[in-house]
Every structure is written in structure tokens, then in C-alpha cells.
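[1] no sequence on this one, just coordinates:
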């Protein structure tokens with residue numbers, strides 16, 4: 001059977017942002033929250049003349065994302081922990097907070113910058129008007145990043161009506177902090193720079209991160225395509241085209257994406273490394289390029305989806321310290337991935353008794369230190385497992401090649417059995433180990449029902465995309481559900497892997 005994909009709302013969408021992700025993870029309420037004491041302020045600094053986008057409304061019907069919320073246009077000012085915002089923004093933030101963890105005061109307690117505030121060039125003037133806020137992503141009272149819940153925070157804010165992005169450390173300027181930046185869609189008191197973050201060529205509604213660009217193309221939204229509610233469409237903001245077109249099943253997407261990365265000379269290898277922002281312009285660390293390649297392949301093939309697994313600078317994926325790299329582990333939420341730790345060295349492990357599967361992420365270690373990271377891109381009919389990896393050549397160059405991981409018919413062949421990039425055979429056989437990250441639903445039989453807990457921002461079309469399912473099949477499997485308006489927290493039965501694999 002064939003399935004169709006959701007078309008991008010504009011031609012310039014990157015493949016990384018075509019699909020919104022979701023997970024069935026339930027977030028535990030934080031153990032503590034900060035007090036939130038709103039104080040009403042009587043005067044508003046600027047007029048409430050409505051700022052509307054100059055865009056053509058999209059006609060109905062439309063599969064509205066779960067959790068959508070249309071705020072009342074109340075522009076009276078309130079003060080929260082020393083920061084000024086308007087009541088409209090507060091109501092949206094409280095709704096997002098309920099979607100996030102059920103506590104309406106939690107997200108307001110995380111405000112680190114409010115509206116109507118001039119902090120110089122750091123925010124390009126986005127906070128000069130209403131509707132702009134910054135939020136901490138640290139666990140309350142700590143300096144620990146709440147990495148497990150960042151994606152849910154972004155989804156909840158977007159469903160509540162914000163264009164929201166995670167701003168990484170040093171992303172805006174040298175020394176800029178890690179935080180969430182959010183702009184309230186439709187706020188009549190937005191500054192022009194804030195409005196530009198919504199509808200300019202680098203804006204949220206066109207699949208980008210809202211950061212102004214002086215030269216070159218705008219940067220893709222690391223959280224996927226926007227969450228667009230019916231009230232936004234009625235106001236003139238564009239909706240993503242939810243037409244479904246035929247597309248390949250995940251197995252073929254994975255193979256095709258991987259093969260596009262194969263290089264025949266080191267200049268091509270360096271070009272790919274530059275595109276991944278992996279020490280651009282140098283040959284530094286090419287032996288560590290396997291990790292960035294693996295994550296890129298998974299995102300490009302839509303096995304990892306941006307909204308659930310926001311993609312970061314690949315230079316952070318330093319294997320020696322991978323356990324502490326939350327930017328890597330956020331790609332593989334425990335709700336979606338099972339982790340297998342295999343203490344037996346890769347060089348002596350019998351993969352015929354526990355074979356790797358396509359889509360598996362494999363991390364090798366040597367005496368407790370991670371050495372290589374790659375994705376299984378293909379397993380053929382004989383059980384041979386393959387990957388795409390940077391391979392040192394006899395002339396000391398590095399080429400990205402399709403490589404055999406292991407062959408059950410010849411147990412001494414493959415990267416996991418031989419020396420590779422400085423991993424000597426005795427060490428690999430005697431001191432190494434393996435960690436495998438596996439998304440179990442990929443390997444369920446076609447049509448197997450899987451329970452999916454509806455998350456903020458979910459819609460039937462992108463749930464169908466995640467599981468290689470079909471819109472009609474999901475609707476049929478859930479009688480009584482209103483498909484055009486899902487509710488967060490509802491349990492859907494999703495028949496998975498309905499696409500035929502035709503090699």
C-alpha cells in the first residue's frame with residue numbers, strides 16, 4: 001500500500017523541517033515550582049491597533065493540531081517576578097503550562113525576560129513591544145538543563161499560540177545563554193522585529209528559526225514545521241498544506257539518504273563535514289565524523305523527527321564525553337527508543353544470536369570510552385548489516401563509504417570485527433562493548449496497532465507520517481474521535497508500517 005506525505009508550506013523548507021514529531025512520553029510534574037504573583041499594571045505603553053500579517057487566508061477544512069488555544073485580546077499589563085507582560089500573553093503561557101505538566105503557574109515562573117523591554121541589540125528589538133518572552137530551561141533551583149522536557153515545552157508553547165524556539169548556548173552571539181524564546185502570534189502590540197520573526201523570509205510560519213540573516217539562507221527551524229491553529233488561519237497566517245502524497249517507507253528513505261553521503265575524494269568529505277558544521281574548513285576530528293553522519297541520516301530519513309528531536313551543532317557530539325552530552329541524548333527519548341547495553345566486546349560478540357536491525361544506532365566503546373557511533377542503514381537478505389562511515393584510506397585521506405558492519409556468514413568480517421580508525425583488534429576484542437539504541441515500532445508487522453498518546457501540536461497527518469500509517473486507517477481505528485480536532489492526552493490506536501517496501 002502507498003502513503004502520501006505532508007507537503008511543505010513553502011518551497012524553501014529544508015527536509016529536516018517537513019515533519020513534526022511527537023512521542024508518547026508522559027512528563028512527570030517537576031518537584032518544585034517558583035511562586036508566581038501577577039500584579040496588575042494599569043497602563044499599556046503602546047496602542048492596541050491589531051497587527052495582521054499580509055498573507056492570504058487558507059480555506060478550511062483543516063486538521064487542527066491538538067491543544068490549540070485562541071486567547072482573548074486583553075492587553076492590560078501584569079508583572080510576574082519583576083517582568084512585565086500583557087494579560088493575553090499570560091493566558092497563553094498559562095495554557096501552555098497546563099499542556100506541559102498540568103500546572104498553570106509553572107511556565108510563568110520560568111520567565112527570564114518579559115515584554116516592553118529594551119535589552120539592546122541582543123534580541124534585535126523583539127522585546128520592545130508585547131507578546132515576547134524568554135524562558136529558562138533549567139530545572140527550578142538548579143543549573144541542570146531539563147533536557148528530557150525541552151521538546152514538550154516547545155510543543156506546548158506552540159499549541160498555545162507562540163512561535164517558540166530553543167536558543168542554544170552562543171547561538172545568538174558569543175556568550176549568549178541557553179533559553180527558550182517565544183513570540184505570541186497575533187499580539188497587537190508586537191514590535192516590528194517580533195513580527196518579522198513570524199512572517200519574514202526567516203520567520204516561523206515559513207519553517208525557519210526567526211533569527212535575522214544578513215547574508216545567505218535563513219536557518220531551518222530545528223523543531224520542525226510550525227503549529228498552526230484555525231484562529232491563526234482566519235487571521236491571515238498561512239497553514240501547512242495537509243495534502244498527502246505518495247512517499248517511500250522508512251527503510252527505503254534510510255538507504256537513499258545514506259547513499260547520498262558517499263564520497264569519492266576528500267574534498268567531498270570535507271564539504272559534507274562543513275555542511276554539518278563539523279569543524280568547518282579543517283580536517284580536525286574526521287575520525288569522529290561518524291556520529292554527526294549517523295544523526296544526520298536519521299533526521300533526513302525522518303526516523304528522528306525535528307519536533308521531538310531538535311537537531312543541534314554536531315561538534316557537541318564528542319564521543320569521549322557522550323554520556324554527558326544532553327544535546328545527543330535528546331535525539332533519542334526514552335519514550336521512543338530502547339537502550340541495550342552489551343558488555344561483551346564487539347569483536348567477539350555473536351551477532352547471529354542478537355542481530356542488529358535497520359535503523360539501530362550502535363555505539364562502540366573501548367575500556368569504557370566511546371569510540372564510534374553509527375546507524376545501521378541496511379540489513380540485506382543474508383543478514384549482512386551495513387552503515388555509512390568515514391573510512392581512512394591507504395593515502396591517509398578520509399572517505400565516506402558504505403561499509404559492512406558484520407556478516408553472519410563470515411564472522412570475522414566487518415567494521416565491528418576488524419581494526420578501524422585506530423581501534424586495534426586486540427583492544428576491540430578484549431576491552432570493548434556496545435550500546436544499541438532501537439526504535440521498536442519500526443519493526444512491528446504491517447498494520448499492528450500501536451497506542452499513541454496525543455501530544456500538544458499533534459495532528460492526524462503527522463501522526464500518520466511518524467508511523468508510516470495512513471490518515472483513513474487511523475480514523476477508522478478510532479471511531480468517535482473527531483479527527484479535525486484532537487485532544488492532548490487522548491490515546492489513539494495507530495496501525496503502523498502500512499507502506500510496502502519495494503526495493
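    The structure has been received and is ready for your questions. Small disclaimer: the values here were computed from a predicted structure and weren't measured. Numbers count the residues shown, from 1 in each chain.
[2] low pLDDT regions in the stretch 251-400 of the chain?
    Across the stretch 251-400 of the chain, the ranges flagged by pLDDT under 70 are 277-285, 287, 313-320, 367-368.
[3] Please repeat the previous calculation with a cut-off of 80.
    Within the stretch 251-400 of the chain, the stretches with pLDDT under 80 are 276-288, 306-324, 345-348, 365-371.
[4] can you pull out the helices in it?
    Using DSSP state H, counting those that start in this stretch, the helices found in the stretch 251-400 of the chain span residues 266-275, 290-300, 326-329.
[5] do the chain as well
    Ranges of helices in the chain, per DSSP state H, are 87-101, 150-159, 192-199, 230-234, 250-259, 266-275, 290-300, 326-329, 425-430, 460-466, 471-477.
[6] Adding distance to residue 68, write these out as CSV.
    (Glycine included, C-beta is placed from N, CA and C.) Output for the helices of the chain, formatted as CSV (distance: least, CB to CB, whole Å):
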stretch, distance to residue 68
helix 87-101, 10
helix 150-159, 6
helix 192-199, 16
helix 230-234, 7
helix 250-259, 29
helix 266-275, 35
helix 290-300, 26
helix 326-329, 29
helix 425-430, 52
helix 460-466, 14
helix 471-477, 19
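[7] Show me which of the helices of the stretch 251-400 of the chain has the highest average neighbour count.
    For those, average neighbour numbers computed from mean count of other CB atoms under 10 Å are highest in helix 290-300, which has a mean of 24.
[8] which residues sit against it?
    Applying CB atoms under 8 Å, 6 or more residues apart in numbering, the contact partners of helix 290-300 are 15-16, 254, 257-258, 261, 272-273, 276, 278, 304-306, 309, 311, 314, 317, 319, 328, 331, 359, 361, 372-375, 377, 387-390, 400.
[9] Which one of the helices of the chain lies nearest to residue 109?
    Residue 109 sits nearest to helix 87-101 of all these, at 8.7 Å, using CB to CB.
[10] could you say what helices and strands the closest one packs with?
    In this structure, helix 87-101 packs against strand 77-80, helix 150-159, strand 162-167, strand 179-184, with contacts taken as 3 or more CB pairs under 8 Å, 6 or more residues apart in numbering; DSSP states H and E.
[11] Ok, which of the ones you listed comes nearest residue 89?
    For these, distance to residue 89 was read as CB to CB. The smallest value, 5.0 Å, belongs to strand 179-184.
[12] for the helices of the chain, which one ends up most surrounded?
    Counting by mean count of other CB under 10 Å, helix 150-159 has the highest mean neighbour count of these, with a mean of 27.
[13] report the angle between the axes of that one and helix 87-101?
    Using axes from the mean of the first three to the mean of the last three CA atoms, to 10 degrees, the inter-axis angle of helix 150-159 relative to helix 87-101 is 140 degrees.
[14] just to revisit the earlier point, switch the helices and strands packed on helix 87-101 over to CSV; also include mean pLDDT.
    Putting those into CSV (pLDDT from 0 to 100) gives the following:
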stretch, mean pLDDT
strand 77-80, 96
helix 150-159, 96
strand 162-167, 96
strand 179-184, 96
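[15] Tell me which of these lies nearest to residue 112.
    Of all the helices and strands packed on helix 87-101, strand 179-184 sits nearest to residue 112, with 6.0 Å by CB to CB.
[16] partners of the closest one, with directions?
    Looking at strand 179-184 with DSSP bridges, its partner strands are strand 132-135 (antiparallel), strand 162-167 (antiparallel).
[17] Name the surrounding residues that touch it.
    71, 88-89, 92, 112, 123, 126, 130-137, 150, 153-154, 157, 161-167, 190, 194, 197-198, 204, 210.
[18] From residue 493, how far out is residue 480?
    12 Å (CB to CB, to the nearest Å).
[19] who's more crowded, the two?
    residue 493 (14 against 4; other CB atoms under 10 Å).
[20] What confidence value was assigned to that one?
    You'll see residue 493 listed with a pLDDT of 97.
[21] give the contact list for it.
    Contacts of residue 493 were listed using CB under 8 Å, 6+ apart, and they are 449-452, 474, 477-478.
[22] If the closest residue to residue 371 other than its chain neighbours is in a bridge, with which residues?
    Closest residue to residue 371 apart from its sequence neighbours, by CB to CB, 6 or more residues apart in numbering: residue 364 at 5.1 Å. With DSSP bridges applied, residue 364 shows beta-bridge pairing to residue 372, residue 434.
[23] Pull the contacting residues for residue 364.
    Contacts for residue 364 were tallied using CB under 8 Å, 6+ apart; they are 346, 370-373, 416, 423, 428, 432-434.
[24] Tell me how far it lies from residue 322.
    Distance, residue 364 to residue 322, using CB to CB: 11 Å.
[25] Quickly list what's touching both of these two.
    Contact criterion CB under 8 Å, 6+ apart; residues shared by residue 364 and residue 322: 370, 373.
[26] give me the number of residues near the nearest residue to residue 487 once chain neighbours are set aside?
    When the adjacent residues along the chain are set aside, residue 487 lies closest to residue 66, with 6.1 Å between them (CB to CB, 6+ apart). Around residue 66 there are 24 other residues, counting by other CB under 10 Å.
[27] Hmm, residue 156 and residue 66 touching each other?
    No. Using CB atoms under 8 Å, residue 66 makes no contact with residue 156, being 10.4 Å away.
[28] Pop the domain breakdown of the protein in here.
    The chain breaks down by automatic domain parsing into domains covering 3-234, 250-438.
[29] Work out the gap between the longest one and the centre of the chain.
    Spelled out, it's domain 3-234. Between the centre of domain 3-234 and the centre of its host chain there is 16 Å, according to CA atoms, centre = their mean, to the nearest Å.
[30] Ok, the shortest one next?
    Offset of domain 250-438 from its chain centre (CA atoms, centre = their mean): 20 Å.
[31] For residue 322, grab the count of nearby residues.
    Each residue near residue 322 was counted by other CB under 10 Å, and the total is 18.
[32] which residues does it contact?
    Counting by CB under 8 Å, 6+ apart, residue 322 makes contact with 328, 363, 370, 373.
[33] Then residue 196?
    Counting by CB under 8 Å, 6+ apart, residue 196 touches 202-203, 210, 212.
[34] mind checking how far it is from residue 132?
    With CB to CB as the criterion, residue 196 and residue 132 are 12 Å apart.
[35] Can you name the residues that contact residue 435?
    Contacts here follow CB under 8 Å, 6+ apart; on that basis residue 435 touches 339-342, 362-363, 365.
[36] Just the ones in strands from the residues you listed, please.
    Assigned to strands by DSSP state E, the following of those qualify: 339-342, 362-363, 365.
[37] With distance to residue 230 and neighbour count as added columns, please give those in JSON lines.
    Formatted as JSON lines, the ones in strands among the contacts of residue 435 follow (distance: CB to CB, whole Å; neighbours: other CB atoms under 10 Å):
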{"residue": "339", "distance to residue 230": "40", "neighbour count": "13"}
{"residue": "340", "distance to residue 230": "43", "neighbour count": "12"}
{"residue": "341", "distance to residue 230": "46", "neighbour count": "10"}
{"residue": "342", "distance to residue 230": "49", "neighbour count": "15"}
{"residue": "362", "distance to residue 230": "44", "neighbour count": "25"}
{"residue": "363", "distance to residue 230": "44", "neighbour count": "22"}
{"residue": "365", "distance to residue 230": "50", "neighbour count": "21"}
